[in-house]
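*Asks:* coords please:
(chains A and B, ligands or ions: 2)
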Amino acid sequence: MRMRTVGYFFRESFRSLWKNGWMSIASISTVAISLLILGISLLLVMNSNNLVTTMESELEVLVAMRTDIDAKQIQAVGDKLRSHSKVNEVTFVSKNEAMATMKKQLGDRSDMFKALGDANPFPDMYRVKAKDPNDVSSLAEEFNKYPGVEKVRYGQGFVEKLLSLTEWIRMVGLSIMFLIGAASVFLISTTIRLTVFARRKEINIMKFVGATNWFIRWPFLLEGTFLGLFGSLIAVGLLYGIYAPVTTYVESSLPFVPLRSDASFLMTIFEIVMGTGILIGAMGSVISLRKFLKV
Amino acid sequence: MSNNLLMGVVIFMIQMFNVSKTYSNEVKALVDVNVRIQKGSFVFLVGPSGAGKSTFIKLIFREEAPTRGQILFDGKSLVRMREREVPYLRRQIGVVFQDFRLLPNKTIYDNIAFAMEIVEAPTKRIRQRVPQVLEMVGLGKKGNLMPHQLSGGEQQRVSIARAIVNEPMLIIADEPTGNLDPETATEIMNLLLEINRRGTTIIMATHAKDIVDSLRRRVIALENGRIVRDEERGSYEQGSSASLPGSLAQGGYIQPGGTVLPGNNSQSLYSLQERGALR
Ligand SMILES: Nc1ncnc2c1ncn2[C@@H]1O[C@H](COP(=O)(O)OP(=O)(O)OP(=O)(O)O)[C@@H](O)[C@H]1O
Ligand SMILES: [Mg+2]
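*Replies:* Ligands and ions are numbered 1, 2, ... in the order given. Modelled structure (predicted):
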């Protein structure tokens, strides 16, 4: 393809964008709004995924041993836990260690332990991490039946709730993305159809002087792509404008909520938003051109 | 097809073999048409409204495909031609319409240059060729005007300039003088004749009796989608050619294919319909 022809395609598409004026602005704004919602749900889903992963990785089953058994029996339970196929990691916390940790955590107030004398209220414990967080509750039930085990604890109920919440956010996010994507494609295809309709005489003339279908298609394809691109640029701008202060706020006042704000994460989101915008634009024009060029 | 080739060169611009065209609404626009048009010839296509003239033209530049039969353009089958080859067929054909079909928002110069840009002609060639064809159609000084600033005859000259700018082998014109007064029509005809003299084949559908009768070129008459008459040096209506020197047998005529058709019995009917159509 000649450079001049490429120049012609760009000129034509910009001329048409300009000429369509309000219609262009309307579809750019709709694309921008749609992509903004897309971006927000992306941020929500990815952050909640992140939150869930963080929490899931911290989920563990605490297996407290009875105090009336000897070291050998405790050792046996440890071996059994380690050899379990669904278990990832097992850490032994002796009662002395538990005591020391607690004293350290209490700091100045560790005096209260003096009242206990030499007695240690903590049991020996195993901290067990499952390979798959979904197995946590069933594992806990199983461990509870091991001989020598006094009590098993884990975030009962919490794990299930967290997992179903993640699933829900994913589902809702996906449906929103799908619906909005379809709406934007429809809008752009309508805009392009208007352009095509306004220029049907010109297209007809192009066809009978021997223009190839691609020669006719390119300016419209570019026009749709530019509508998508401009819309996505606005969306990215707005998204950054909203998200940046939110992360700053959350970091200072809710530090335990792990919001992602690193550059590579933001770049990924922006790339997805812009890619979707361009794709939506191109798809919109392809849809409106398909029928029209069949002569 | 022994007479198809003359020393390895196709001598026929268009050949149609048993061509029929039925539109989706069951209208039989063309029925069993057989015709050969030599390169370099000037052919009039006549017949009452709805006879199938425009359909005939549309089949040639592949705006429509025949329902049955074979069409050859310069020896190449248009029936077997693939969709993506169609643009390249059209680049060898210049089309002129009754309603000019110029782009209203482009200057005269740009309207013509547009046809060259579309086939990706080099800029240098466009700058050289457009003034040349404008000169040829007698609009050398009007390149910067917009179509609406031109008279109908001038607009038709622009559309002819656009049709010839890519140097096609064939020009097809569907009622090119239909919207013009007789004097302007004569000017347009002179232009087409000049283009034909330079070697371009021309097929022209028309209702202009005086033009057909004064030029005495080949006339193919269609009626209800059938070729009812095909005469070298023919006239608009059947019969009037009989009194002319060099015309074919009295009261009948011979198709180039050799079939002798009786003429008298259908003459009156044809004339009646024709007058009705022209009213
Ligand atoms: N696209 C189409 N769909 C259906 N029928 C059509 C179509 N185009 C033409 N026809 C029909 O085919 C027949 C031949 O039409 P055509 O346009 O070829 O006639 P014509 O000889 O050019 O007439 P005119 O002198 O009025 O231009 C007519 O009956 C017309 O109604
Ligand atoms: Mg017609």
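*Asks:* what distance do you get for residue A:208 to residue A:201?
*Replies:* As defined by CB to CB, to the nearest Å, residue A:208 lies at a distance of 11 Å from residue A:201. Where you see a C-beta, it was placed from the backbone N, CA and C, and this is true even at glycine.
*Asks:* please identify the buried residues of stretch A:45-64?
*Replies:* Residues A:45-48, A:51-52, A:55-56, A:60-64 are the ones in stretch A:45-64 that count as buried (16 or more other CB atoms under 10 Å in any protein chain shown).
*Asks:* from the residues you listed, which are also near ligand 1?
*Replies:* Applying CB under 6 Å from any ligand atom, the subset of these adjacent to ligand 1 is empty.
*Asks:* quick one: which of those sit in strands?
*Replies:* Judged by DSSP state E, the buried residues of stretch A:45-64 include A:61-64 as members of strands.
*Asks:* list just the nearest of the residues you listed to residue B:156.
*Replies:* residue A:61 (90.6 Å; CB to CB).
*Asks:* beta partners for the spatially most central residue of chain B?
*Replies:* Centroid-nearest residue in chain B, with CA atoms, centre = their mean: residue B:203, separated by 2.5 Å. On the basis of DSSP bridges, residue B:203 is bridged to residue B:43, residue B:172.
*Asks:* near chain A, which residues of the stretch 101-250 of chain B show up?
*Replies:* B:101, B:103, B:114-115, B:117-120, B:123, B:162, B:166 (CB under 8 Å from any CB of the partner chain).
*Asks:* farthest-separated two in the residues you listed?
*Replies:* B:101 and B:123 (24.6 Å).
*Asks:* neighbour count: those two, which is higher?
*Replies:* residue B:101 (18 against 12; other CB atoms under 10 Å in any protein chain shown).
*Asks:* tell me if the more buried one really is in a strand.
*Replies:* No. Assessed with DSSP: H, G, I helix; E, B strand; the rest coil, residue B:101 is coil; it does not lie in a strand.
*Asks:* who's in contact with it?
*Replies:* A:201, A:204-205, B:159 (CB atoms under 8 Å, 6 or more residues apart in numbering or on different chains).
*Asks:* next one: phi and psi at it?
*Replies:* With angles defined as degrees, to the nearest 10, residue B:101 sits at phi 50, psi 60.
*Asks:* how about the one 5 residues further on?
*Replies:* The main-chain torsion angles of residue B:106 are listed as degrees, to the nearest 10 and equal phi -120, psi 150.
*Asks:* mind checking how far the nearest residue to it once chain neighbours are set aside is from residue B:105?
*Replies:* Closest residue in space to residue B:106, ignoring its immediate chain neighbours: residue B:114 at 6.4 Å, by CB to CB, 6 or more residues apart in numbering or on different chains. Counting by CB to CB, the gap from residue B:114 to residue B:105 is 11 Å.
*Asks:* those two - which one has more neighbours?
*Replies:* Neighbour comparison, residue B:114 and residue B:105: the larger count goes to residue B:114, with 22 against 13 (by other CB under 10 Å).
*Asks:* next one, pLDDT for the more buried one please.
*Replies:* For residue B:114, the model assigns a pLDDT of 89.
*Asks:* do residue A:100 as well
*Replies:* Looking at residue A:100, the pLDDT reads 83.
*Asks:* neighbours of it, just the number please.
*Replies:* 13.
*Asks:* check the secondary structure at it for me.
*Replies:* Strictly by three-state DSSP, residue A:100 counts as helix.
*Asks:* separation between it and chain B?
*Replies:* Distance from residue A:100 to chain B, counting by CB to the nearest CB, to the nearest Å: 81 Å.
*Asks:* what's the distance between that residue and residue B:76?
*Replies:* Counting by CB to CB, the gap from residue A:100 to residue B:76 is 95 Å.
*Asks:* ok, and the helix or strand in chain A with the lowest average confidence?
*Replies:* helix A:158-198 (a mean of 75; mean pLDDT, DSSP states H and E).
*Asks:* that one: what's the following helix or strand?
*Replies:* helix A:200-208 (DSSP states H and E).
*Asks:* can I get the CA coordinates of that next one in CSV?
*Replies:* Output in CSV follows, covering the C-alpha atoms of helix A:200-208 (Å, rounded to 0.1, in the frame of the first residue of the first chain):
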residue,chain,number,x,y,z
ARG,A,200,-23.4,6.0,0.1
LYS,A,201,-23.3,7.9,-3.1
GLU,A,202,-19.6,8.3,-2.8
ILE,A,203,-19.2,4.6,-2.0
ASN,A,204,-21.3,3.7,-5.0
ILE,A,205,-19.1,5.9,-7.2
MET,A,206,-15.9,4.4,-5.7
LYS,A,207,-17.3,0.9,-6.5
PHE,A,208,-18.0,1.6,-10.1
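*Asks:* give the other helices and strands that the next helix or strand along the chain from that helix contacts.
*Replies:* For helix A:200-208, the following helix or strand on the C-terminal side (DSSP H and E) is helix A:213-253. Packing contacts for helix A:213-253, counted by 3 or more CB pairs under 8 Å, 6 or more residues apart in numbering or on different chains; DSSP states H and E, involve helix A:3-20, helix A:22-58, helix A:158-198, helix A:200-208, helix A:263-292.
*Asks:* what's around residue 187, how many residues?
*Replies:* Just going to use chain A. Residue A:187 is flanked by 21 other residues according to other CB under 10 Å.
*Asks:* look at chain B instead
*Replies:* 17.
*Asks:* now it: which helix or strand?
*Replies:* Assigned by DSSP H and E, residue B:187 belongs to helix B:182-197.
*Asks:* before we move on, back to that, just the buried ones out of the residues of the stretch 101-250 of chain B next to chain A, please.
*Replies:* B:101, B:103, B:114-115, B:117-119, B:162, B:166.
*Asks:* helices - which of those residues land there?
*Replies:* B:114-115, B:117-118, B:162 (DSSP state H).
*Asks:* and those as TSV, adding distance to residue A:95?
*Replies:* Converted to TSV, these look like this (distance: CB to CB, whole Å):
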residue	distance to residue A:95
B:114	91
B:115	94
B:117	88
B:118	88
B:162	98
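*Asks:* and which of these is nearest ligand 1?
*Replies:* residue B:162 (21.4 Å; CB to the nearest ligand atom).
*Asks:* residue B:139 versus the closest one, what's the distance?
*Replies:* 11 Å.
*Asks:* and residue A:45, what does it touch?
*Replies:* A:169-170, A:173.
*Asks:* separation between it and ligand 1?
*Replies:* 52 Å (CB to the nearest ligand atom, to the nearest Å).
*Asks:* spatially nearest residue to that residue, not counting backbone neighbours?
*Replies:* Residue A:45 sits nearest to residue A:173 (CB to CB, 6+ apart), 4.1 Å away.
*Asks:* look up phi and psi at the residue in the stretch 51-200 of chain A that chain B sits nearest to.
*Replies:* Here the residue of the stretch 51-200 of chain A nearest chain B is residue A:199; by CB to the nearest CB that distance is 9.4 Å. The phi and psi values for residue A:199, taken as degrees, to the nearest 10, are phi -110, psi 20.
*Asks:* show the model's pLDDT score for it.
*Replies:* Looking at residue A:199, the pLDDT reads 77.
*Asks:* now it. Nearest residue, chain neighbours left out?
*Replies:* residue A:16 (7.5 Å).
*Asks:* and for residue B:129?
*Replies:* Using CB to CB, 6+ apart, the closest residue to residue B:129 is residue B:165 (6.1 Å).
*Asks:* residues in contact with the one you found?
*Replies:* Taking CB under 8 Å, 6+ apart, one finds B:112, B:115-116, B:129-130, B:133 in contact with residue B:165.
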